[in-house]
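Peer 1: structure of the sequence below:
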Amino acid sequence: MDEQSLLRTLTKVVTTLTAHEIPFTVSGGCAVYARGGPPSDHDVDLFLKEEDVPAATEALVAEGMRAEDPPEDWLSKVWDGDVLVDLIFRPNYRPVTDETLARAEMMRVGSTMAPVMNGTDIMVDKLLVLDAHRCDFAPLLHIARDLREQVDWERVAKETAESPYAQAFLTLLDSLSVADLGGAP
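Peer 2: Next up is the predicted model:
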């Protein structure tokens with residue numbers, strides 16, 4: 001997927017949800033991009049509270065998007081042509097809360113202003129996805145380097161402490177002086 005198509009869809013989604021006063025935050029690759037990281041090439045991810053998903057889906061469908069009923073129980077999907085939009089309400093089995101949304105910052109993403117997930121929440125989310133089947137540190141290392149000054153690494157270590165994969169990645173970041181964790185995540 002090309003960057004311009006993703007940004008056009010993101011603008012359409014942001015405009016629609018804002019007009020309907022549905023709280024959300026840009027997450028995933030688009031949030032990384034907004035914060036100075038590599039551009040997303042996959043889809044548009046948004047975090048919103050579970051109770052707001054039906055209204056968000058209805059508003060986006062009214063703007064010409066197509067809803068999909070995914071098998072996953074933690075997100076909904078809509079399509080803007082060939083561009084997938086994930087409406088995520090329980091990332092990594094942790095509910096999106098008012099506090100999650102309140103930590104977002106208004107930032108420019110492409111041609112629009114939108115609430116964008118903060119760097120710490122981005123890294124927590126990215127690290128909690130790691131497991132035995134998804135353990136490629138290379139893209140995460142690039143993101144961590146690009147966002148390092150926007151991240152509270154101690155909070156990341158605390159919130160990912162249950163994951164041995166996250167701890168291994170944080171040890172790598174500490175060893176490379178990307179994150180200062182005092183040698184022990």
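Peer 1: give me the contact list for the helix ranked longest in the chain.
Peer 2: Counting residues, the longest helix found in the chain (DSSP state H) is helix 3-19. Residues from elsewhere that reach helix 3-19 (C-beta atoms under 8 Å, 6 or more residues apart in numbering): 24, 26, 30, 39-41, 43-44, 46, 48, 56, 59-60, 63, 80-83, 85, 109-114. C-betas here are computed from N, CA, C, even on glycine.
Peer 1: sort out for me which of these are in helices.
Peer 2: If you go by DSSP H, the contacts of helix 3-19 have 30, 56, 59-60 in helices.
Peer 1: next, give me the two most distant ones among those residues.
Peer 2: 30 and 59 (18.6 Å; C-beta to C-beta).
Peer 1: ok, and the most crowded of the ones in helices among the contacts of helix 3-19?
Peer 2: Neighbour counts for the ones in helices among the contacts of helix 3-19, by other C-beta atoms under 10 Å, peak at residue 30, which reaches 29 neighbours.
Peer 1: now for residue 116, how many residues are close by?
Peer 2: Neighbour count for residue 116, taken as other C-beta under 10 Å: 23.
Peer 1: likewise residue 174?
Peer 2: With neighbours defined by other C-beta under 10 Å, the count for residue 174 comes to 18.
Peer 1: tell me if I am right that it is in a strand.
Peer 2: No. Residue 174: not assigned to a strand; according to DSSP: H, G, I helix; E, B strand; the rest coil it is helix.
Peer 1: where does pLDDT dip in this structure?
Peer 2: 1, 182-185 (pLDDT under 70).
Peer 1: one more pass at 90, please.
Peer 2: The model of the chain has pLDDT under 90 over residues 1-5, 38-42, 69, 110-111, 180-185.
Peer 1: okay, now the domains of it?
Peer 2: Domain segmentation of the chain under automatic domain parsing yields 3-117, 122-175.
Peer 1: and the end-to-end length of stretch 158-177?
Peer 2: 19 Å (C-alpha to C-alpha, to the nearest Å).
Peer 1: can you confirm residue 76 is in a strand?
Peer 2: Yes. Assigned with three-state DSSP, residue 76 falls within a strand.
Peer 1: and it, what does it touch?
Peer 2: Taking C-beta under 8 Å, 6+ apart as the test, what residue 76 contacts is 53, 56-57, 67-70, 86-87, 89.
Peer 1: ok, of the residues you listed, which one's closest to residue 157?
Peer 2: residue 89 (25.4 Å).
Peer 1: how many residues are close by the closest one?
Peer 2: The number of residues packed near residue 89 is 19, by other C-beta under 10 Å.
Peer 1: that one and residue 117, how far apart?
Peer 2: 14 Å (C-beta to C-beta, to the nearest Å).
Peer 1: what do those two both touch?
Peer 2: By C-beta under 8 Å, 6+ apart, residue 89 and residue 117 have these common neighbours: residue 47.
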